[in-house]
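Undergrad: Only the shape, not the letters, is given here:
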């Protein structure tokens, strides 16, 4: 299985370079290996019959060429839509139950392992907890609740746990699901005409597992019936010593309208948070990415990226990929500071990095609401200060696209999650709240005229 995963990842890496990013994400990335038992035919599954037809019509030659190069000459390809995949597994692997068919497909990205997760001060505790759970499911920390902002490595750790367990204990049933998928499955079970049977299938699907990994649990907020079902699923698994791993962008206490009994369950085990990486860790992440992607870049360029993208690992790696792409595009063997400046040119205006424009926005907000800069960047929490502060944070984020950690420093050293909450709250309210719309519009006019 490990060798097959390695070959498959090599094929994905090759295809990613041979087609546009949109084509790769839409048609190739969702492909999954169903079977390669005879080493003659590679059976692949797609998400829909439409996706199957698109690949056969527009991309099969590229796929075939890549498969023969990576898997060997003469290897045939069979692409299956979801119904064909179920039929194939039923006929060729008759000992699998319906639930086994679902868990046979590996939902975990082989790129995400403990071996290529860069450990630093910001994440060493949550990394150690994740490894402990992977090595002893149901015995070390149950549940394990991981939270942190976007792009800090939650998904990497969840997939690393899944990959480790599947390799070390292949007999264990590991299910990975997003909160949205869990909700949709539950809704589908409620809407069926054969309700009792479908509810039974739903419960078998989620309770007949050894490890349940749920991502983005914060979206269970306000879904009363889904919370009820998840509560019972949680209890059933926990009672029988099955491992539960949950990820969120915020801790349980900050998930709005979460039932107290679920909040209590989430805090029964171990809660760990992922912090934005420090400079040294960011450099180490970039070096690891260079090693994996076989990208050569000068230390000066690497340090520049690490210094200017300080809150998000995903954005950090994305910027490195862009730099290497621009360098390769003009035939250079090694990316340098000029390639980095080119990559950053459409994202950051270096004249704004010193904070002068952020100061102008803060001054405009303060003048508009007749408050002081010390008030807006300080600790006061009364409404007449909090709302302007959130508006200022939103405008700085929107207009300057500064990292969350940088904005947090501007506002008295506030945590990135606080900055993210303020930004998202105003971003949401501005769509429907005419008062907020007016505030932001008039402040922008002040900035243009000033």
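TA: Okay, I see it. Here the structure is a predicted model, which is why all the values come from computation and not from measurement. Numbering: from 1, shown residues only.
Undergrad: Spatially central residue for this protein, please.
TA: residue 155 (4.9 Å; C-alpha atoms, centre = their mean).
Undergrad: Spatially nearest residue to it (excluding sequence neighbours)?
TA: In space, and not counting its chain neighbours, residue 155 is closest to residue 215: 6.6 Å by C-beta to C-beta, 6 or more residues apart in numbering. No exception for glycine: its C-beta is placed from N, CA and C like everyone else's.
Undergrad: do you know how far the nearest residue to residue 279 once chain neighbours are set aside is from residue 20?
TA: Excluding the flanking residues, the one nearest residue 279 by C-beta to C-beta, 6+ apart is residue 306, at 5.8 Å. According to C-beta to C-beta, to the nearest Å, residue 306 stands 29 Å off from residue 20.
Undergrad: same check, this time on residue 158
TA: Counting by C-beta to C-beta, the gap from residue 158 to residue 20 is 28 Å.
Undergrad: The residue nearest to residue 279 contacts residue 284, correct?
TA: No - judged on C-beta atoms under 8 Å, residue 306 makes no contact with residue 284 at a distance of 9.1 Å.
Undergrad: Any stretches of the stretch 101-250 of the chain with poor pLDDT?
TA: Scanning the stretch 101-250 of the chain for pLDDT under 70 picks out the ranges 101-106, 191-199.
Undergrad: picking up where we left off before, neighbour count winner among residue 158 and residue 20?
TA: residue 158 (23 against 9; other C-beta atoms under 10 Å).
Undergrad: before we move on, back to that, any idea how far the residue nearest to residue 279 is from residue 375?
TA: The value you get for residue 306 to residue 375, if C-beta to C-beta is used, is 34 Å.
Undergrad: Between these two, point out the one with more neighbours.
TA: Taking neighbours as other C-beta under 10 Å, residue 306 and residue 375 compare with residue 306 leading, 23 against 16.
Undergrad: so who does that one touch?
TA: By C-beta atoms under 8 Å, 6 or more residues apart in numbering, the contact list for residue 306 reads 279, 282-283, 286, 316.
Undergrad: one more time with 7 Å
TA: By C-beta atoms under 7 Å, 6 or more residues apart in numbering, the residues touching residue 306 are 279, 282-283, 286.
Undergrad: Just the buried ones out of those, please.
TA: With neighbours counted by 16 or more other C-beta atoms under 10 Å, those contain buried members at 282-283, 286.
Undergrad: Closest one to residue 417 out of the residues you listed, please.
TA: Nearest to residue 417 among the buried ones among the contacts of residue 306 is residue 282, at 18.5 Å by C-beta to C-beta.
Undergrad: burial count for residue 315?
TA: 15.
Undergrad: Kindly report the same for residue 337.
TA: Neighbours of residue 337 (other C-beta under 10 Å): 17.
Undergrad: which residues in the stretch 201-350 of the chain form helices?
TA: 224-239, 260-266, 279-293, 299-308, 313-329, 337-344 (DSSP state H, counting those that start in this stretch).
Undergrad: Can you redo those helices as a markdown table, where the extra columns are distance to residue 30?
TA: Output for these, formatted as a markdown table (distance: least, C-beta to C-beta, whole Å):
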| stretch | distance to residue 30 |
| --- | --- |
| helix 224-239 | 25 |
| helix 260-266 | 30 |
| helix 279-293 | 22 |
| helix 299-308 | 30 |
| helix 313-329 | 19 |
| helix 337-344 | 28 |
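Undergrad: quick one: which of the ones you listed is nearest residue 36?
TA: So among the helices of the stretch 201-350 of the chain, helix 279-293 is nearest, using C-beta to C-beta, at 24.1 Å.
Undergrad: same for that closest one, what does it pack against?
TA: helix 299-308, helix 313-329 (3 or more C-beta pairs under 7 Å, 6 or more residues apart in numbering; DSSP states H and E).
Undergrad: pLDDT wise, what is residue 81 at?
TA: Looking at residue 81, its pLDDT reads 87.
Undergrad: how many neighbours does the nearest residue to it once chain neighbours are set aside have?
TA: Closest residue in space to residue 81, ignoring its immediate chain neighbours: residue 49 at 4.1 Å, by C-beta to C-beta, 6+ apart. The local packing of residue 49 (other C-beta under 10 Å) involves 13 other residues.
Undergrad: follow-up on the earlier one: specify which member of the contacts of residue 306 is nearest to residue 39.
TA: For these, the nearest to residue 39 is residue 286 (37.8 Å; C-beta to C-beta).
Undergrad: Isn't that closest one up against residue 320?
TA: Yes - at 5.5 Å, residue 286 counts as touching residue 320 under the criterion of C-beta atoms under 7 Å.
Undergrad: quick revisit: so how far is residue 40 from the residue nearest to residue 155?
TA: For residue 215 relative to residue 40 (C-beta to C-beta), the value is 36 Å.
Undergrad: do the same with residue 430
TA: In terms of C-beta to C-beta, residue 430 sits 58 Å off from residue 40.
Undergrad: Who has more neighbours out of the two?
TA: residue 430 (18 against 11).
Undergrad: mind listing what that one touches?
TA: 436-437, 440.
Undergrad: Could you report the pLDDT at it?
TA: For residue 430, pLDDT reads 85.
Undergrad: With residue 352 instead?
TA: 43.
Undergrad: Any buried residues in stretch 420-428, and which?
TA: 420-423, 425-426.
Undergrad: Show me what that stretch is in contact with.
TA: Residues contacting stretch 420-428 (C-beta under 7 Å, 6+ apart): 149, 390-391, 393-394, 397, 404, 436.
Undergrad: how does it look with 8 Å?
TA: Against stretch 420-428 from outside (C-beta under 8 Å, 6+ apart): 149-150, 249, 389-391, 393-394, 397-398, 404, 436, 440.
Undergrad: Going through the residues you listed, which ones are buried?
TA: Among those, the ones that count as buried (16+ other C-beta under 10 Å) are 149, 249, 389-391, 393-394, 397, 404, 436, 440.
Undergrad: Could you pick out the one among these with the lowest pLDDT?
TA: For the buried ones among the contacts of stretch 420-428, the pLDDT minimum is residue 404, 78.
Undergrad: list the contacts for that residue?
TA: 149, 276, 311-312, 397, 416, 419-420, 423.
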